[in-house]
Every structure is written in C-alpha cells, then in structure tokens.
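K.L.:
this one's structure only:
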C-alpha cells in the first residue's frame, strides 16, 4: 500500500475515558470485526489478556488496524493508568499523530494533562475527541471550555468549516491565507480545508470533535477527520537521529521508501506460543524477510 494512503495514531487520555471502547467502535464501523465487543464483558479486541479482562482496563499497548475509504488506519491503544505510562511513551515514538480522548462529564483530568505534555515534547499533531455524549449531565461546551483552559487555546471545534472563528484561526495559521483574509476576500472551501490540514500537521490548530464511542456516534466524522487532517507517514517531519558510526554527529532522516533503512524498536513481547516478538516502526526504507540490517545498540548485523 502506498504510504500516502496510510494514517497511524495513538489513542491517549485519562483512565476510563473510553479509549478502548473507541478503538472497538472504529474497528466495527470499518468492518474490521464482525461483532462489537465491550470492556464490561471482556470481549474487546484491544484488551485480550487475562489481566485486562479481569481488571476491565488496559494494561498493555495494543496494535490494531482497519481500512476506511481506501486508507489503511493503524491504531495503538495504550493504558490510561499512570502505572503503565511506559507503554504510552514508547507508543508515542512509533506514531505520526494522536487522538486525545476526553470524558465529556469529567473533562480534562490529570492523565489527560500528562499525555498532553508528552505530545508537546514529541511535537505530534492531534485531534481531540470528546467522548460519552450519551452520559447523563453531558455538556460539550463545558468540556470545550475546559480543554481550551487546561490544554490549549488552539483547540477548535470543527463541526462546520463555515464557522467564522474557525476560518479566522485557519487564516492566522498561514501568511498567504491571512493576507487574503485581511484584504476582505472570502477564502474558498478548498483553501479552508487545505489550510486546516496544514495547520493541524503544524500543530497550529487542534480539531475538536464529539460523539459517543459506546453508541457509535460521531465515528464516521472522526474517521473522515483522521484521513483529511492527520499526516501520512510521508508528511511527518524529519526524524532526528545520530550516525551509529559517529554518535556525536546529528542527522535527519526524511521519511521515504527509497531512503536507507531506519527503524525504531518500540515494544518487545514475550508470547508463550510464538516466542519473542519485536515491534518496529519503519521510518525510512523497506524491510523484507531474509534480509539483514545494522543494530546500532549491539553494533552488529541482525537477520530478519
């Protein structure tokens, strides 16, 4: 599959904000699964281990994927509890974007603020999804106010691209659009859409969407936003690294299939049936079976 037709992101948020339920809803909506599992019944794809089913919450990062409108969507669902924060840190290093899930009633919680700080350090674009609109006492506008006050003033609701506040924010994110906007000219629909995409990729705007993962509300809108606004692997910024032969020399790796092979091991799993599994994020080049690559930690060649 062409890299431009891929999107990958990590689901982040405070514990019990509904990340696993959202991942289950995304898989079912895209027909990657033929039945919709629930956390309460222990039947979700993401929480598959005995401990997770018993606790009714995530313990390990899970890797999921589905296809939507010809685009391969790759998802990492990580635990929300601070005890398993290492899963979040390693997962963030393997993706190009994030979806931050916020409980509409609880608002921005401690766990949400913690992952937001990590996202800022990683400089990853993200979409904010206000979840559980079917919950009693839900007020989406209170949640938006909380997000703007505690996370970022650049967070903007994108229910309508005709919203004057959103159009102004998009114009301010690009010098050419701003010049046209200040001259009183109306921005075209394509200019607004493309301007918003670039603003999201550059972290100048954080789109806010709302819905209910449990009731499958807002899922199609979220998937459309993922495809339209989040970057493909080729659109992400250059990866900062070091030359393995000269560690003091800093380098930049541009995402490209034609470039030298460069990958990052972000998780290792010891499976009782399969054995040792090593999960890599390929940033450049291609990895084929029965080929070798240089392991910068062991300073030796490895065979895949």
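P.N.:
Received it, and whenever you're ready, just let me know what you need. Computed from a prediction, not measured in an experiment: that's the story for all the values here. Numbering: from 1, shown residues only.
K.L.:
give me the packing partners of the host helix or strand of residue 190, helices and strands only.
P.N.:
Following DSSP states H and E, one finds residue 190 within helix 189-201. Helix 189-201 is packed against helix 164-172, helix 175-182, strand 206-210, helix 219-229, with contacts defined by 3 or more C-beta pairs under 8 Å, 6 or more residues apart in numbering; DSSP states H and E. For glycine as for every other residue, the C-beta is placed from the backbone atoms N, C-alpha and C.
K.L.:
so which of those gets nearest residue 247?
P.N.:
Nearest to residue 247, of all the helices and strands packed on helix 189-201, is strand 206-210, at 35.2 Å by C-beta to C-beta.
K.L.:
what's the pLDDT at the nearest residue to residue 27 once chain neighbours are set aside?
P.N.:
Among residues not flanking residue 27 along the chain, residue 33 sits closest, at 4.7 Å (C-beta to C-beta, 6 or more residues apart in numbering). Per-residue pLDDT puts residue 33 at 94.
K.L.:
compute the inter-axis angle for the helix holding residue 190 and helix 175-182.
P.N.:
Interaxial angle of helix 189-201 relative to helix 175-182 (axes from the mean of the first three to the mean of the last three C-alpha atoms, to 10 degrees): 130 degrees.
K.L.:
and the angle for helix 189-201 with helix 219-229?
P.N.:
90 degrees.
K.L.:
now helix 189-201, how far from the chain's geometric center?
P.N.:
Here helix 189-201 is found 18 Å from its chain centre; the criterion is C-alpha atoms, centre = their mean, to the nearest Å.
K.L.:
give me the contact list for that helix.
P.N.:
With C-beta atoms under 8 Å, 6 or more residues apart in numbering as the test, helix 189-201 has contacts from 125, 127, 158, 161, 166-167, 169-171, 173-174, 177, 180, 187, 205-207, 228-231, 235.
K.L.:
report pLDDT for residue 167.
P.N.:
So, for residue 167, pLDDT stands at 94.
K.L.:
ok, it to residue 185 distance?
P.N.:
12 Å (C-beta to C-beta, to the nearest Å).
K.L.:
so if I had to pick from these two, which one is more boxed in?
P.N.:
More crowded of residue 167 and residue 185, by other C-beta atoms under 10 Å: residue 167, with 20 against 11.
K.L.:
neighbours of residue 214, how many?
P.N.:
The number of residues packed near residue 214 is 19, by other C-beta under 10 Å.
K.L.:
any idea how far it is from residue 22?
P.N.:
9 Å.
K.L.:
can you check residue 269 too?
P.N.:
Counting by C-beta to C-beta - residue 269 and residue 22 are separated by 23 Å.
K.L.:
between the two, who's got more neighbours?
P.N.:
Each of residue 269 and residue 22 has its neighbours counted (other C-beta under 10 Å); residue 22 has more, 26 against 13.
K.L.:
next structured bit after the helix or strand encompassing residue 263?
P.N.:
Per DSSP H and E, residue 263 falls inside strand 262-271. Downstream of strand 262-271, the first helix or strand assigned by DSSP H and E is strand 275-284.
K.L.:
other residues contacting the helix or strand following that next one?
P.N.:
Remark: after strand 275-284, the chain's next helix or strand is strand 292-295, criterion DSSP H and E. The contact list for strand 292-295, computed with C-beta under 8 Å, 6+ apart, reads 244, 261, 263, 287, 300-304.
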